[in-house]
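Chemist: Got a predicted structure plus its sequence, pasted below:
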Amino acid sequence: MFDPIYFKSQFPLFDHSENQSLVYLDNAATTQKPQCVIDAIVDFYTKANGNANRSSHRLARVATNLLEKARLQAAEFIGAESKNTIVFTSGATESLNIIANGFRDKLSSGDEIILSLVEHHANIVPWQEVCHSSNAKLVFAEINLNNVKSLVNKKTKIISVTAASNALGLVTDLNSLREIKKQYPDIIIVLDGSQLVAHKPVDIKSWPCDFFVCSAHKFYGPTGVGLLYGRESLLSCLLPLKFGGEMIDNVELHKSYYVTGPERFEGGTSPLSAIAALSACFDFWSKQDRAQMVQYENLLTGYLYEKINKLCDKYPEIYLVGDKKSNIGIATLASNQYSMADIGFWLDEENIAVRVGNHCAQPLFRSLNVRSVLRISLAAYNTREDIDKCVSSFEGFLRENSQPYLLPKEKGYFDVSLLDYRELYGLNNWQHRYKKIMQWGSLLPSRPRLRSEENLVVGCESFLWLSGEKKEGKYYFWVDSDSAVVKGLAAVILCRVFGEKKETILAIDFQQYFLDLGLEKHLSQSRVNGVNAILKSVFDYAER
Ligand code: PLP
């Protein structure tokens, strides 16, 4: 039986005093690293640091051997036919850019490239760029490739799709690709395995694909390194993306010749310490019983969906986007009533890490008419207890926020002029201040007319629109946002400056103000960026 507790004990981050109560459910963004992967980075620099494929000394040989050992391990890990099919890149994004760019000179006007609606931006934008310069056309298949066969025709040159969706967790059914490959062997098939690798074994030899990409950091490996698998015959004729040392066969003054092996795409010094850590990661994987891990993760995914379904039954304002069938352990939630940013902030306050936003899958969520979602993504070190804590905290938010805040009768219409920041000082802990900020955000009326491009404050986590006006030397401000927290944070700033003169506004020490409110340590970097963007807008108005 797979033992998640023993598995988790190998990941030192969870033992650190700051993380002992952490519930980490953002594994689709990045996974944590086992001790052996972390050690390998230190070992490389303390014992073996030399540059690979250069110099003739011992350390250079050690580094070269390490690089080639990792290449062989990578080939075995994904079931590739030879290590000559494995290119080290900085990650899936670079791998996809290399492939797309490599086909730039092989595509012409009218050629078609099929992607699917669920693709990560990393598997859309590079192809868009290539289409701009080659006049080839992008065609989009439905989620899970339901209609892909009907889109294929003589003009189809490439199909590039995800093997599992980062936004919904759905594993792509490879059968339709198999049939397409049988009927049209010349169509190039690219699989983005970024999300799949940590959850299901890969066997490239039996899969219908010519290229496969992934990032080590998504399967317990280090950041900074990823894989690009390509059939040897195809790799040798793709144009490289980077030019320089290592990738050349011969350099003349006005022309150079490139090697045909994987080094063709590895110009410059490779990220050797990350590759050393990746090698340790493959060793780590070789000690796991994959069948048992898959079985455990499937059970855990079933439990996650059971709990979330119950929550959705109780609170119909939230709903699941996606399905538990063929799922790598991702549950994605949306709501027409609540801002997912607010719920993400609430969970973060309880040390539960999830992801909120559009998950680099804007076309997908636009097609589903969903603006922002909250994603819970599992890894093998998660347990039922993690899921229970997350769902119970989520429910806590829904319970606390189920009643609309009622305005005191005498106040009637509400705007920031009615807020008094001194009320925040009177509250003795952060939870109470947070609730007050949420309350302020909810009280401020929606202002659809404010929602224009020119009022959009760029840098905020959720959309925020801000407008100001100067009357008789004093400044007045209005805001709108879908997120009560974001609107509330804007209100914390605006209630200090509303109706004030320029000199007063410019003299306020906002850093001290946030320190006094105890806000600083509760703001993530993206919220700090948002707060700074609001302050900048306010100061810009005051300077006018
Ligand atoms: N493809 C998918 C499906 C992903 O989920 C991601 C990252 O989230 C990427 C590509 C890009 O990976 P990276 O940022 O590691 O290059």
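Modeler: Looks like it arrived, so ask away.

Chemist: and the end-to-end length of stretch 361-372?
Modeler: The separation between the terminal residues of stretch 361-372, taken as CA to CA, to the nearest Å, is 10 Å.

Chemist: Checking that stretch against the ligand, do any of its residues make contact.
Modeler: No. Judged by CB under 6 Å from any ligand atom, stretch 361-372 stays clear of the ligand, getting no closer than 8.5 Å. From N, CA and C alone the C-beta is placed, and that goes for glycine too.

Chemist: contacts for that stretch?
Modeler: Judged by CB atoms under 8 Å, 6 or more residues apart in numbering, the contacts made with stretch 361-372 from elsewhere in the structure are 117-121, 124, 140, 143, 165-168, 321, 334, 339-341, 356-359, 373, 462, 482.

Chemist: again with stretch 134-154
Modeler: With CB under 8 Å, 6+ apart as the contact definition, stretch 134-154 has outside contacts at 104, 107-118, 124, 127-128, 130-131, 155-157, 159, 161, 165, 168, 170, 172-173, 176-177, 179-180, 183-184, 187, 363-364.

Chemist: ok, which stretches of the stretch 401-544 of the chain are helices?
Modeler: 422-425, 430-443, 484-497, 502-507, 510-517, 525-543 (DSSP state H, counting those that start in this stretch).

Chemist: which stretch among those helices comes nearest the ligand?
Modeler: When the helices of the stretch 401-544 of the chain are compared by CB to the nearest ligand atom, helix 525-543 sits nearest the ligand, at 16.3 Å.

Chemist: could you check the angle helix 510-517 makes with the closest one?
Modeler: Here helix 525-543 points in a direction 130 degrees away from that of helix 510-517 (axes from the mean of the first three to the mean of the last three CA atoms, to 10 degrees).

Chemist: need the contact list for the closest residue to residue 434 other than its chain neighbours.
Modeler: Of all residues not flanking residue 434 in the chain, residue 349 sits nearest, at 6.5 Å (CB to CB, 6 or more residues apart in numbering). Shown here is residue 349, whose contacts under the criterion CB under 8 Å, 6+ apart are 430-431, 434, 522.

Chemist: can we see that at 10 Å?
Modeler: Contacts here follow CB atoms under 10 Å, 6 or more residues apart in numbering; on that basis residue 349 touches 393, 397, 430-431, 434, 522.

Chemist: which of the residues in stretch 312-328 are buried?
Modeler: Judged by neighbour count (16 or more other CB atoms under 10 Å), stretch 312-328 contains these buried residues: 315, 318, 320-322, 324, 327-328.

Chemist: so which strand or helix has the residue positioned nearest the centre of the chain?
Modeler: Within the chain, the residue whose C-alpha comes closest to the C-alpha centroid is residue 29; the distance, by CA atoms, centre = their mean, is 4.4 Å. Taking DSSP states H and E as the criterion, residue 29 maps to no regular element, lying outside all helices and strands.

Chemist: Give me the distance between it and the ligand.
Modeler: Remark: distance between residue 29 and the ligand (CB to the nearest ligand atom, to the nearest Å) = 6 Å.

Chemist: what's the closest of the buried residues of stretch 312-328 to the ligand?
Modeler: Nearest to the ligand out of those is residue 328 (CB to the nearest ligand atom; 10.5 Å).

Chemist: Which residue, other than its chain neighbours, is closest to the residue in the stretch 251-400 of the chain that the ligand sits nearest to?
Modeler: Residue nearest to the ligand within the stretch 251-400 of the chain: residue 360 (6.2 Å; CB to the nearest ligand atom). Distances taken as CB to CB, 6+ apart place residue 121 nearest to residue 360, at 4.4 Å, with adjacent residues excluded.

Chemist: Report how many residues lie close to that neighbour.
Modeler: Neighbour count of residue 121, defined by other CB atoms under 10 Å: 15.

Chemist: before we move on, back to that, where neighbours are concerned, which of the contacts of residue 349 has the most?
Modeler: Highest neighbour count within the contacts of residue 349, by other CB under 10 Å: residue 397, with 21 neighbours.

Chemist: how about the residues of the stretch 101-250 of the chain near the ligand?
Modeler: 120, 122-123, 162, 166, 192, 194-195, 215.

Chemist: remind me which residues of the protein are low pLDDT?
Modeler: In the predicted model of the chain, residues 403-414, 461, 524-526 satisfy pLDDT under 70.

Chemist: any idea which residue of it is furthest from its center?
Modeler: Of all residues in the chain (CA atoms, centre = their mean), residue 472 lies farthest out, 47.2 Å.

Chemist: mind listing what that one touches?
Modeler: So, once contact is read as CB under 10 Å, 6+ apart, residue 472 ends up touching residue 501.

Chemist: same check, this time on residue 326
Modeler: For residue 326, counting by CB under 10 Å, 6+ apart, the contacting residues are 144, 164, 169-173, 200, 298, 301.

Chemist: Now do residue 3 against residue 343, distance only.
Modeler: Taking CB to CB, to the nearest Å as the measure, residue 3 and residue 343 are separated by 32 Å.

Chemist: I misspoke; the intended subject was residue 61.
Modeler: Distance check for residue 61 against residue 343: by CB to CB, it reads 54 Å.

Chemist: For the two, indicate the residue with more neighbours.
Modeler: Counted by other CB under 10 Å, residue 61 and residue 343 do not tie: residue 343 has more neighbours, with 23 against 14.

Chemist: Wait, a helix at that one?
Modeler: Yes. When DSSP: H, G, I helix; E, B strand; the rest coil is applied, residue 343 is found to be in a helix.

Chemist: Which residues are in contact with it?
Modeler: When contacts are taken as CB under 10 Å, 6+ apart, residue 343 is in contact with 318, 333, 335, 354, 356, 374, 393-394, 397-398, 401, 483, 485.

Chemist: Would you confirm that residue 474 contacts residue 417?
Modeler: No. Under the criterion of CB atoms under 10 Å, residue 474 makes no contact with residue 417, lying 11.2 Å away.

Chemist: shared neighbours of those two, anything?
Modeler: When contacts are counted by CB under 10 Å, 6+ apart, residue 474 and residue 417 are jointly contacted by 498-499.

Chemist: So these two - more neighbours on which side?
Modeler: In terms of neighbours (other CB under 10 Å), residue 474 is the more surrounded of residue 474 and residue 417; the figures are 15 against 12.

Chemist: Any figure for the gap between the more buried one and the ligand?
Modeler: 47 Å.

Chemist: and that residue, what is it in contact with?
Modeler: Listed by CB under 10 Å, 6+ apart, the contact partners of residue 474 are 497-502, 504-505.

Chemist: repeat that with 7 Å
Modeler: Contacts for residue 474 (CB atoms under 7 Å, 6 or more residues apart in numbering) come out as 499-501.

Chemist: same check, this time on residue 229
Modeler: The contact partners of residue 229, by CB under 7 Å, 6+ apart, come to 78, 80, 85-86, 204, 211-212.

Chemist: and if we set it to 8 Å?
Modeler: 75, 78, 80, 85-87, 204, 211-213.

Chemist: Just confirm it is within a helix.
Modeler: No. When three-state DSSP is applied, residue 229 is found to be strand, with no helix at that position.

Chemist: Show me the beta-bridge partners of it.
Modeler: Under DSSP bridges, the beta-bridge partners of residue 229 are residue 86, residue 212.
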